[in-house]
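1. Pasting the sequence and the predicted model now:
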Amino acid sequence: MLNIENLHAAVDGKAILKGIDLAIGAGEIHAIMGPNGSGKSTLSYVLAGRPGYEVTQGSATLDGSDLLALGPHERAAAGLFLGFQYPVEIPGVSNVQFLRTAVNAQRRARGEAELSAGDFLRLSREQAGALDMSMDMMKRPVNVGFSGGEKKRNEMVQMGIIDPRLAILDETDSGLDIDALRIVGDGINRIMRKPDKAVLLITHYQRLLDIVQPDFVHVLAGGRIVRSGGAELAHELEREGYGAVAA
């Protein structure tokens with residue numbers, strides 16, 4: 001589904017990614033772990049098309065199409081979803097307004113019929129309820145006044161409504177307590193653990209991986225993937241730290 005070859009990228013002229021090679025097949029969940037400053041968030045932003053992140057070499061394709069040639073909205077319409085480490089607040093725009101606009105814009109881009117107001121509200125209630133969010137919260141401005149855990153659960157609701165093919169989740173477990181971590185982890189499994197979907201999950205901690213149980217774990221250090229393995233690699237990192245494993 002996602003194929004990255006020799007990807008290099010820079011921010012403000014400084015090289016951050018220095019040759020990423022990664023292939024994620026349909027039905028797979030891949031976790032990326034690594035020390036601060038290793039390029040994990042940069043990788044997610046480059047794949048999503050965030051301005052200011054310059055690809056200097058290499059390629060990335062989604063379902064065989066050149067991902068890097070698409071604008072951010074085109075990547076979203078192609079099925080890519082980015083979950084932020086620090087979800088932004090959007091005052092004056094309710095979750096319901098934001099998500100119905102986003103969903104129907106993507107459906108139009110794919111030549112699909114738009115969801116009616118009734119169908120969208122039914123979908124919203126279903127996804128919000130599965131993540132212990134009330135419809136009152138869905139009617140509030142996007143992430144305004146939300147706690148850290150509520151923002152992350154709100155992103156899972158967004159992901160469930162948008163229903164992407166590829167989810168890139170940047171430290172979704174950051175700032176979550178034990179209960180919220182379980183809710184978010186179960187949400188990832190419920191929405192994305194399907195044979196036609198895939199996940200690139202960026203995290204510092206093995207605890208989320210106990211819930212999501214990735215198929216592959218990669219260690220990113222110095223702008224490169226330096227180790228890859230199964231779930232046991234995350235346990236090794238938890239015991240020994242990045243220094244010993246990435247050496």
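-> Happy to help now that I have it.

2. quick one: the helices in this structure?
-> 40-48, 72-77, 95-109, 117-130, 135-138, 148-162, 178-192, 206-212, 231-246 (DSSP state H).

3. By mean pLDDT, show me the worst of these.
-> Of all these, helix 231-246 carries the lowest average pLDDT, namely a mean of 80.

4. other SSEs contacting that one?
-> Helices and strands touching helix 231-246, by 3 or more Cβ pairs under 8 Å, 6 or more residues apart in numbering; DSSP states H and E, are strand 29-33, helix 206-212, strand 216-221, strand 224-229. From N, CA and C alone the C-beta is placed, and that goes for glycine too.

5. if you set the cut-off to 6 Å instead, what comes out?
-> Contacts defined by 3 or more Cβ pairs under 6 Å, 6 or more residues apart in numbering; DSSP states H and E place helix 231-246 against helix 206-212, strand 216-221.

6. now, of those, which is deepest in the fold?
-> strand 216-221 (a mean of 22; mean count of other Cβ atoms under 10 Å).

7. Let's test this: mean pLDDT of that strand, rounded?
-> On average, strand 216-221 scores 94.

8. now the helices and strands packed on helix 231-246 as a markdown table including distance to residue 49?
-> Output for these, formatted as a markdown table (distance: least, Cβ to Cβ, whole Å):
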| stretch | distance to residue 49 |
| --- | --- |
| helix 206-212 | 25 |
| strand 216-221 | 20 |
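
9. wait, which of the ones you listed is closest to residue 131?
-> The closest of the helices and strands packed on helix 231-246 to residue 131 is helix 206-212. By Cβ to Cβ, the value is 13.9 Å.

10. circling back to that earlier point, let me have the helices of the chain in TSV, adding distance to residue 54 as columns.
-> Below are these laid out as TSV (distance: least, Cβ to Cβ, whole Å):
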stretch	distance to residue 54
helix 40-48	9
helix 72-77	15
helix 95-109	25
helix 117-130	35
helix 135-138	37
helix 148-162	26
helix 178-192	29
helix 206-212	31
helix 231-246	26
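
11. what about the ones you listed, which gets the closest to residue 27?
-> helix 178-192 (9.9 Å).

12. Tell me how far the residue lying farthest from the centre of the chain lies from residue 127.
-> Each residue of the chain has a distance to the centre, and by Cα atoms, centre = their mean the biggest one is for residue 118: 27.9 Å. Separation of residue 118 from residue 127 (Cβ to Cβ, to the nearest Å): 15 Å.

13. Residue 211 too?
-> 19 Å.

14. try residue 22
-> 29 Å.

15. So which of those two has more stuff around it?
-> Shown here are residue 22 and residue 127; by other Cβ atoms under 10 Å, residue 127 has more neighbours (23 against 19).

16. what sits against that one?
-> By Cβ atoms under 6 Å, 6 or more residues apart in numbering, residue 127 lies in contact with 157, 160, 161.

17. thinking again about what came up before, residue 3 is nearest to which of the helices and strands packed on helix 231-246?
-> Nearest to residue 3, of all the helices and strands packed on helix 231-246, is strand 216-221, at 14.2 Å by Cβ to Cβ.

18. Next one: the nearest residue to residue 12 once chain neighbours are set aside from residue 65, what distance?
-> Closest residue in space to residue 12, ignoring its immediate chain neighbours: residue 52 at 7.5 Å, by Cβ to Cβ, 6 or more residues apart in numbering. When distance is defined by Cβ to Cβ, residue 52 is 23 Å away from residue 65.

19. out of the two, which sits in the more crowded spot?
-> More neighbours surround residue 65 than the other of residue 52 and residue 65, with 11 against 8 (other Cβ under 10 Å).

20. Run through the bridge partners of that one.
-> Beta-bridge partners for residue 65, by DSSP bridges, are residue 62.

21. No more questions from me, cheers.
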